[in-house]
Structures are given as structure tokens and as C-alpha cells.
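> Fold the stuff below for me.
(one chain, ligands or ions: 1)
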Amino acid sequence: MRRSLIMGNWKMNGLRQDAVNLASALAEGLGEVAQEVAVCVPFVYLPDVAQVLASSPIALGAQNVADQASGAYTGEVSAAQLADVGAKYALVGHSERRSYYGDTNQSVANRFAQAQKQGVIPVLCVGETLDEREQGKTFSVVDEQLDAVIDTVGIAAFANAVIAYEPVWAIGTGKTASDEQAQEVHHYIRQRLAERDADIAANLQILYGGSVKPDNAQGLFAQPDIDGGLVGGASLDASGFLKICHSV
Ligand code: PGA
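As a prediction, the model looks like this:
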């Protein structure tokens, strides 16, 4: 049985007090849940949020990680540094990184590898743009994004990783993939990995992301291959995010 995972992605929002307040509200409001909950916070607030979450089951994540181990890479944050401040997860290949900051499939694969070397669990984000979907390229785009990582780290590395399917057209747009559209791609991803290793594919958590809200979470999370969500906008509101956490 795969454990569900609900992950907030705060993106570049708020100041320190906002981060502390939001984390405190989540820690106080979560209660008993079987699923795992995590929040991916801006780098600079990782230590503050780690402190707030220290006695809560909510895990800490970063929104990116460097593709190199250490050295002269101005502006980057290494996996060792993330591990040092208590991050359990790091997003890699979020579509905003790919489209605004030029993260390529290969650099995403290298980030994935660096995270794992330091015991930080990579959350590999994949997904197609609207254009690509309309041209019938959804599966081939996802294939390329997955293959670059598999070719670099090997299929065994997915025993300790998470995938997030995030159709770019659904991120921050209010347009969620339908339960069926999301399930179709999740199933495809799991099948594709199963061709390489059936056990790893069966145990892999695949999250859905893209305009997950309290009113659509339950339908999405009920799909057989959807193991939780990566939640952007709706994770900035504690009560809404907690509702999503309880939708599993
Ligand atoms: P959204 O963002 O929930 O605001 O669509 C999801 C994400 O980018 O991870």
C-alpha cells in the first residue's frame, strides 16, 4: 500500500512571519492523519519553518536544489545544505524552473542525483504544456522528462523518490485536469516505470499538481494511481490546505 503524500509549494510568497504563522497554523490544525504532509518553503525560511515543525509530523521541503555538489556556483543551494537545515524533500524540475530559468531535462536529472546523494528525497515534476497536449504530445513529453532522469540515475533510484505530474496548463490557472485526465497520465507514468521495474513502479508515490483546491482534491485523490497532491496557491491558506490534507 502506498502512503499518500500532500505537499504544499509556497513558491516565492510571504515574509518570515508569514512562513512562521502558516507553519504554526498547519502544525496546530493537522491532527491525526494517516497520510504524510510536507511543505516546500522558500530557501531562506527553511530554518525558521524547521523550528516550528520540529515537534509536528509535517515534513520540510525545498523548491529546488543545485545540480552540483558544492563550489563556485553563485546563487545555488546544495543538497548538503538542504539536508543540513532539515529538508526531507526537494522539488526538481518544477515547470516554473523549466520555463523561466532554463532548467533542462539533463540539469533536472543532475539535481535529482545530487539530492539523493545527500539523502534528500527528490520530487521530480513532469508535465506537458497546453500546446503539447493539443498536439497529442503529452505522453512523449513526459517520456522525455522521465527518461533523462532514468538514464542518469537508473531506475533503482526511484525507490527513494516521488514524481509529481503537473500539467503546465493547470498550474495557477484554476483549470484542473479532470480526474480522468490526471489518472490517465498517472497510470501511463506508472506503467512506463513498471516496464523497467514493476516493484519500484508499484510503490512509487505519484502526486498530482495543478490547481488542486479543497473542492476538487477528493475526486483526484480517489483515483487509483494518484497518491496525493502538490498544492501551490491553495497551500498558502492554512484552513484550505488542511481541508485538502483531509481529503485523502
Ligand atoms: P497551483 O500550483 O496549485 O497553484 O496550480 C501547483 C504547483 O505549481 O506546484
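
> Would you state the helices of the chain in chain order?
16-29, 46-53, 79-84, 95-100, 105-117, 130-134, 138-153, 179-194, 198-203, 217-221, 238-245 (DSSP state H).

> Looking at those helices, spot the one closest to the ligand.
Among these, helix 95-100 comes nearest to the ligand, with 6.7 Å by CB to the nearest ligand atom. To be clear about C-beta, it is placed using only N, CA and C from the backbone, and glycine gets the same treatment.

> how about the closest one: buried residues?
Ser95, Glu96, Arg97, Arg98 (16 or more other CB atoms under 10 Å).

> Using a markdown table, please lay out the helices of the chain together with mean pLDDT.
Compiled in a markdown table, the helices of the chain are given as follows (pLDDT from 0 to 100):
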| stretch | mean pLDDT |
| --- | --- |
| helix 16-29 | 98 |
| helix 46-53 | 98 |
| helix 79-84 | 98 |
| helix 95-100 | 98 |
| helix 105-117 | 98 |
| helix 130-134 | 96 |
| helix 138-153 | 98 |
| helix 179-194 | 98 |
| helix 198-203 | 98 |
| helix 217-221 | 98 |
| helix 238-245 | 98 |
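
> would you turn the ones you listed into TSV with distance to the ligand?
As requested, those are arranged in TSV below (distance: least, CB to the nearest ligand atom, whole Å):
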stretch	distance to the ligand
helix 16-29	15
helix 46-53	17
helix 79-84	18
helix 95-100	7
helix 105-117	15
helix 130-134	14
helix 138-153	15
helix 179-194	13
helix 198-203	23
helix 217-221	11
helix 238-245	10
